[in-house]
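J.: coordinates only, sequence not included:
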């Protein structure tokens, strides 16, 4: 008997059965976290003046650029801004710096969102973007609000800068504020963490820039003339993008909706399992957008297992989940692909195994780490960035990162949080010093290998004035 022939035939038959087996969608759920036509955050505690043109249309001249974006993370990876400053002068209507609608009527700042309360619990830092003096601080308020109560009080910090700027940071995490009124802080100093205190429906920070007590849009664009107020303005995309992904062996619908995230995660399944649950947090989804979910078995071809309208309304940030009756009859690596309007948003693997002994936790992916700016300069802020896809862990676990900063081999900052960037305050960068940042990822049980990036600090260069 030709056992090799039978073995190969059995594999081919299993692949054919797996590819042709029926997938059934048991559930599909879509929930908006941030949308343009929903109730927005209410007033803040720090006094504000309402002007006829409530956002300057050009940047003021001769003021220092911001050295970094104040909320840690990478745009479109682990932070997302659904609301910028409203530049529309009419009593009703909205327009952002890109001449689109990523704002709401009368909004006076940036609202960088993080994915969920899981990241908030781990921590996402907020930094001073310039040297400044602390004017006001309020802390101690509850920080996991999921509705916009105008009477709720936020935790906040207000800074005054010698350049003439005033910056305000609202909705911070309770007991995360590290500064007091009268303190002087340098650019890159951590002042708090992102939360959902005050009138807030999800974890984010409201960051506001004021000049002469008038709110200013710090980003340059087609509808905000002049230069950016940043050394390097973060790139903003309006294409659909995934900022979170997860698998589970139980339906996500059985747990509190986003921004909560308490369902168990698993991306290893036993062969002949009949259930696969898939979740993705997705940004930039317009009304009428269509989706398709396809499954690719090991060595096989992709099969569309669900498709249709993703949402009837526009959602700047949303959570979607699917529960499948899944014929997982072949061991190996499978692939799930989500497309929105025919564009691939995310492609993520899961594993099918033959025995329960193979269902083991795996460590997070080894980080890819870079230092920014490309050439470190004396008296400027250093940023350590974790690059890579939205999938930071092969089991789709939520990951924290330990950042260990050294200057000439002496540890000057050692922190663990959920963001994909960290910052080193500018006083640590002196000409000729060697700066290194070592990053280790953890899923709470296992850690990745530590990866470091380092550079020698060069002499300073004359900084550009904002708006020039």
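T.: Arrived safely. All values reported here derive from a predicted model rather than from experimental measurement.

J.: residues in contact with residue 391?
T.: 245, 348, 365 (Cβ atoms under 8 Å, 6 or more residues apart in numbering). C-beta here means a position set from N, CA and C on the backbone, and glycine is covered the same way.

J.: If you rank those residues by neighbours, which is first?
T.: In terms of neighbours by other Cβ atoms under 10 Å, the contacts of residue 391 top out with residue 245 at 23 neighbours.

J.: I'd guessed it sits against residue 279; true?
T.: Yes: applying Cβ atoms under 8 Å as the test, residue 245 and residue 279 come out as touching, 7.0 Å apart.

J.: Per the annotation, how does this structure divide into domains?
T.: As assigned by automatic domain parsing, the chain contains the domains 3-32+242-355, 368-456.

J.: Now do the buried residues in stretch 234-246.
T.: Using 16 or more other Cβ atoms under 10 Å as the test for burial, stretch 234-246 gives 234, 236, 240, 241, 242, 243, 244, 245, 246.

J.: Backbone dihedrals for residue 252, both of them.
T.: phi -70, psi -20 (degrees, to the nearest 10).

J.: and residue 320, how many residues sit next to it?
T.: Neighbourhood size, residue 320 [other Cβ under 10 Å]: 25.

J.: which helices and strands sit right next to the helix or strand containing it?
T.: Mapping residue 320 onto the secondary structure by DSSP states H and E places it in strand 315-328. If you count contacts as 3 or more Cβ pairs under 8 Å, 6 or more residues apart in numbering; DSSP states H and E, strand 315-328 packs onto helix 3-20, strand 24-34, strand 273-285, strand 290-296, strand 303-309.

J.: Tell me the helix or strand right after it.
T.: Under the assignment DSSP H and E, the closest C-terminal helix or strand after strand 315-328 is strand 332-340.

J.: Show me how far the helix or strand just after that following strand is from its chain's centre.
T.: Where DSSP H and E defines the elements, the next helix or strand beyond strand 332-340 is strand 343-353. Relative to the mean C-alpha coordinate of its chain, strand 343-353 is positioned 20 Å out (Cα atoms, centre = their mean, to the nearest Å).

J.: could we number from 22 for the rest of this?
T.: Let's use 22 as the start, then, which means that last one is strand 364-374.

J.: For residue 415, the count of nearby residues, please.
T.: Neighbours of residue 415 (other Cβ under 10 Å): 18.

J.: ugh, wrong one, I meant residue 284
T.: Applying other Cβ under 10 Å, we find 19 residues neighbouring residue 284.

J.: again with residue 356
T.: Neighbour count for residue 356, taken as other Cβ under 10 Å: 15.

J.: which residues does it contact?
T.: 316, 317, 323, 368, 369, 370, 371.

J.: From residue 304, how far off is the fourth one?
T.: In other words, residue 368. With distances taken as Cβ to Cβ, to the nearest Å, residue 368 is found 17 Å from residue 304.

J.: More neighbours: which of the two?
T.: Neighbour tally, residue 368 and residue 304, criterion other Cβ under 10 Å: the higher count belongs to residue 304, 26 against 17.
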